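[1] One predicted model, sequence on top.
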Amino acid sequence: MLFISCTSVNIRDYDTYWRDWRCLTYYREGLLVGDIIVVRCDSTVIGMSGHAAVILGEGTVGEYPKIGYRYWQGPSAWWLHKRGDMVVLRYRHFTPEFREKFLQNAEKLKDGWWGFTLSKRNDRVFYCSQYVWYLYSMSAKDLGYELDLDTNGGLIAFPYDFFGNEDLIPIAFEKELPEGLVFE
């Protein structure tokens, strides 16, 4: 099932938006609160569906990273470092009112553990993309409307399920870095 989640989503429309970690590290000032970062899938069983995290403040990322871990929040420069290829998605209706609810809800959801659930609506345990999905859904609900950023509308929200959603805009960061720039 995890393998299908990674390979069954048509992401060709996003080919021009994938950026190496060095580009997003260098241009990270362009990341805004609420931006969703989707990391390209890898060859591990858990990583076959990619990974997702969210920007929670200037230079701050929030996520449920992996099995056995609690919520993590920290500096985006550290988080982005050597992650691989990523796409940044921005919610087109991220108003000041939505931002306020979003940050309030992010604070409320910090006390959980990573756990896989067969319902993206579960609020007791979270996996990476379900946390992002739930945070957005909860914030919209607080403002009186329904929001489902999961393009296929399934029970589970995988990172690649955010692709193709008309409410999420892929952000095009520069591909080129200044000459002579060195990352370690």
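    Ah, there it is.

[2] Please count neighbours and contacts with C-alpha atoms only from this point.
    Will do.

[3] all strands for this protein, in order.
    36-39, 51-57, 60-63, 72-75, 86-91, 113-114, 125-126, 168-170 (DSSP state E).

[4] so what does the first one touch, helix or strand wise?
    Read it as strand 36-39. When contacts are defined as 3 or more C-alpha pairs under 8 Å, 6 or more residues apart in numbering; DSSP states H and E, strand 36-39 packs onto strand 51-57, strand 86-91.

[5] could I get those as JSON lines with distance to Ala157 and mean pLDDT?
    JSON lines is the format used below for those (distance: least, C-alpha to C-alpha, whole Å; pLDDT from 0 to 100):
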{"stretch": "strand 51-57", "distance to Ala157": "10", "mean pLDDT": "94"}
{"stretch": "strand 86-91", "distance to Ala157": "15", "mean pLDDT": "94"}
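
[6] Same list (the ones you listed) but as JSON lines, adding distance to Ile171 and mean neighbour count.
    Formatted as JSON lines, the helices and strands packed on strand 36-39 follow (distance: least, C-alpha to C-alpha, whole Å; neighbours: other C-alpha atoms under 10 Å):
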{"stretch": "strand 51-57", "distance to Ile171": "14", "mean neighbour count": "24"}
{"stretch": "strand 86-91", "distance to Ile171": "6", "mean neighbour count": "22"}
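
[7] right, and these - which one's nearest Tyr145?
    strand 86-91 (14.7 Å; C-alpha to C-alpha).

[8] Thanks again, I'm all set now.
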